[in-house]
Every structure is written in C-alpha cells, then in structure tokens.
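# Kindly return the folded structure for what I paste below:
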Amino acid sequence: MSPNRLRLLWSRIRRKLWFTPALYAVVALLVLSTAPVVGRMLPSGVNSLIGLDGVYDLMDVLSNSLLAVSIFSLGIMTSSLQAAAGAATPRARPLLTEDRTAQNAISTFLGGFIYGIVGLVGLSTNYYGDEAKVVLFLVTCAVIVAVIVALIRWIARLSNLGDVSEVIDLVERAAASAFEADAAQPWLGGVPMTSLPPQLFPVHPDRMGFVQAVNAAGLAGMAEEWEMDFHLAARPGAYSDPNRPLLLSSRRLDDEQVAAVRSAFVIGGQRTFEADPRFGMIVLSETASRALSPGVNDPGTAIDVIGTSARVLVDWALALDRAEPKVRHRRLHVGRLSAADVMEDAFRWIARDGAGQLEVQIRLQRALATLAASAPRLFEEPARALSHEALLRAEQAMSLDQDLERLRAESARLGFRCPDSPRSAHSAG
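Residues are numbered from 1 along each chain as shown. Next comes the predicted model:
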C-alpha cells in the first residue's frame, strides 16, 4: 500500500465517530494500569494528605452516571443525523459525524465510564496500594472536571446540532477546502492537458465506483520509470466503469504495469469531499432542491445556498489568481476542473426547482452576475448560459406576467441578454 493511500486511510479513520472514543478508552486503561508505577514515584507521606476512602465512591458515581449519559448523547446525535438527512441531504451525514465537539463529548463520557468501571474492578482487588490510590484520586478529580466541561460544551452544541443552516456551513467549509486544494494544484502537479495525441492506450478500472483519490506522484514515478507519458482521464469525483478509462498511456502496458497504475486510484462506492470540489456543490444544490420541494417550501434556505455557493466559487477564483502551481510531474498530463461543470452543479437544479419562485430566481440572477463580474475569464460564459436557461425555465413556470417581467428587467439590469418571450409574442399575436 502506497504512502499516499495510507495517509488517506489514516485521515479517514481519524474522522470516524468511533475513533476518538476508542482513543479515550485506551488512555483510560493506560492510566489505570500504570497508576501503581506512578504512585511509587510520589513523595512519601502524600497519601496522608488526601483522604482515600472516597476514591471508590467517586469511581462508582462515574461508572453509574456516565454510561447513561453516553447512551443519551449517542441517541441525541442519531436523531440529529436523521433530522439533518431529512431536512438537507443524506450526503451531508458524514460531515455531521465528524463534528469534533460531539466526538469529544461522547469520548469524554465513554472514557470516564470505562475509567470508572475498570478502576472499581482494580480497587476490589489488591492491585492498588495507597500510593496508587492517590494517583487514582487525582486522576478522578481531573476526569470529573473534564466531564463537567464536556457537558457544558455539549449542551451548547445541542442548540443547533443537525440544523439546516449548520449543514450548509459544514458543506461550505468542506467544499472551500477542496477548492483551495484544487487552486493550489489545478493539474495535480502535472502538465496542463490541452490536447490528446492520436494514439493512446487506455487503462480501464477493475471495479466500478467513484474515483475518490489519485496518487499523482505515484503515477508520475511510474511514467518516469517506464519512459512514457500518462494522460489522466478520471479526476476525483468521476465515475469509473468498464467503458471509461482511468488513464491513457503513450505506450501499451503489460498486465503488471496495468495493476500498478490501477493501484494509484482509490475507488469507492460513494463520492467524498476531500479531493472532489464538485461534490460539495452538488450537496449544496441538493439541500436547496429539498428546501424548494412542495412538502418543505422553504425558499429562504435555497437563497442561502445560492449565496453560499457563489461565495465558495468567488473564493476559488481568487485562489486560482493567487496560486503559482509548479510542474513536478512532466510526464503526467492532467485536465483542469471545468468552471462550467462546477457552476452547473451549483445552480442548474436550483433554477429548475425554483423556476416558479421570483425571489429565488432574482437571487440566482444576481449570484450569476457576481460570478461573471468577479472572474470574467472563468465564469462569464457559463454564467450567461445559466442565466438564459433560468429565464427560459421561469417562462414555463411563472403564472403571473408581472413576476416574469420583473425578473426579465432584473436580468437585463445585471447585463444578461434576455431571451425572446414566447408569452409576449403569443399575446401580441
């Protein structure tokens, strides 16, 4: 397994809900097992300064109370995840489970319970002497303080856990991080791919799924070693299947080389946020579409998503202007992320689902105008195309002529060309 794949695996494990509680549990067991050793290092006579009779009672309180608190907290978090999936989109659930405040609170409660129950077992034997009991007393006091702090933070966190606005903020941060990484290395350290040579040999995947990560350094090393050029055909986020190659090589590869190339791609059943900026835009768009459904009818959330998506894309454009990407892999050719595709992911389906709502359409036109003005070379053409399409959708969906005329006037004021109105032509006829 390559170092990049190991780093990716470690990064994902660290964000799992079970990891931090398991780490706290291990720490609790280590403290309990080393307490006799630490106790022998304390100055003589310390045990006479501290009453040791209450250590058992303190641990009994911890073990009895924190198990119930842990179960209750997990139940609250599960309910919040279900609520967020219903109000926003199930694709945002991984971001909620990675919430550090929730993980630390549950970890503190569970670690305190394990510390208390295992400590009671030790106290029921002759494993702990008086010196070790002093250590346990001090550690128990620290655990109590940690539990109190965790409870206060957890109560504050419950006020907006699973709220739609929080989901939008989490997805925005994940998308912004992915776009920032893309801006720093838009070609993954390779050479910009402007065109393809006439004869290339495809490398197809051995399994179907989404490309979650690409080891560009590994591919470049293979290309240098084998003295050939590679053209990346599947960036993170692409769906791999037998009809779509992962990579095109300038020379035919043998079976061993094909297996090595495939190992540079991490393919899974779901898209992830780390290296896939488009996925963040899709999740935001899904949240807006859910809000615009007749059963929810929350245009305010859709407007919030439009502003969030526009902010992320403007920051991406600014990061691209500031970035000075270096070519580190001269035999690896990579196409850049398409701004038109990103904007379609962000806005096309909002324009479809909010076609009949004037407030949503006006905010969408303004967001497109902002993008076109902030980065004309990157966004102007797709922004004009989406503006035109949104107006056509509004023509079909809006029942009131005054709403449509106001929308067309706003679009014209922003500098977009309005399509000819079939409704006006029909009325004139």
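# residues in contact with Ala288?
301-302, 305-306, 349-350, 353-354 (C-beta atoms under 8 Å, 6 or more residues apart in numbering). Every C-beta, even on glycine, is put in place using the N, C-alpha and C of the backbone.
# just those residues now: which is nearest Phe265?
Trp349 (28.3 Å; C-beta to C-beta).
# so where do the helices sit in the stretch 151-300 of the chain?
Ranges of helices in the stretch 151-300 of the chain, per DSSP state H, counting those that start in this stretch, are 164-184, 216-226, 255-262, 277-292, 299-322.
# any idea which of those is most buried?
helix 277-292 (a mean of 24; mean count of other C-beta atoms under 10 Å).
# any idea of the angle that one forms with helix 299-322?
With axes from the mean of the first three to the mean of the last three C-alpha atoms, to 10 degrees applied, the angle from helix 277-292 to helix 299-322 works out at 160 degrees.
# by how many degrees do helix 277-292 and helix 164-184 diverge?
160 degrees.
# quick revisit: now the helices of the stretch 151-300 of the chain as a markdown table including distance to Ile152?
Output for the helices of the stretch 151-300 of the chain, formatted as a markdown table (distance: least, C-beta to C-beta, whole Å):
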| stretch | distance to Ile152 |
| --- | --- |
| helix 164-184 | 19 |
| helix 216-226 | 45 |
| helix 255-262 | 50 |
| helix 277-292 | 30 |
| helix 299-322 | 29 |
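# Kindly reformat those as JSON lines containing mean pLDDT and distance to Pro36.
Compiled in JSON lines, the helices of the stretch 151-300 of the chain are given as follows (pLDDT from 0 to 100; distance: least, C-beta to C-beta, whole Å):
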{"stretch": "helix 164-184", "mean pLDDT": "92", "distance to Pro36": "45"}
{"stretch": "helix 216-226", "mean pLDDT": "93", "distance to Pro36": "48"}
{"stretch": "helix 255-262", "mean pLDDT": "93", "distance to Pro36": "52"}
{"stretch": "helix 277-292", "mean pLDDT": "95", "distance to Pro36": "51"}
{"stretch": "helix 299-322", "mean pLDDT": "96", "distance to Pro36": "55"}
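# among those helices, which is nearest Glu344?
Of these, nearest to Glu344 by C-beta to C-beta is helix 277-292, at 8.8 Å.
# coming back round to it: determine which two of the contacts of Ala288 are furthest apart.
Maximum distance among the contacts of Ala288 (C-beta to C-beta): 14.2 Å, for Thr301 and Trp349.
# Strands of the protein, start to end?
Using DSSP state E, the strands found in the chain span residues 191-192, 201-203, 209-214, 230-232, 239-240, 247-249, 265-268, 332-334.
# Show me where the protein dips below the pLDDT cut-off.
In the predicted model, the chain carries pLDDT under 70 at residues 1-5, 8, 44-53, 419-429.
# for the longest helix along it, which positions count as buried?
When the chain is parsed with DSSP state H, its longest helix is helix 55-87. By neighbour count on 16 or more other C-beta atoms under 10 Å, the buried set for helix 55-87 is 55, 58-59, 62-63, 66-67, 69-70, 73-74, 76-77, 80-81, 83-85, 87.
# Now Lys16, what are its backbone angles?
phi -70, psi 150 (degrees, to the nearest 10).
# Spit out the contact partners of the closest residue to it other than its chain neighbours.
Nearest residue to Lys16 in three dimensions, chain neighbours excluded: Thr97, at 7.6 Å (C-beta to C-beta, 6 or more residues apart in numbering). With contact set as C-beta under 8 Å, 6+ apart, Thr97 has these partners: 15-17, 77, 81.
# All set now, cheers.
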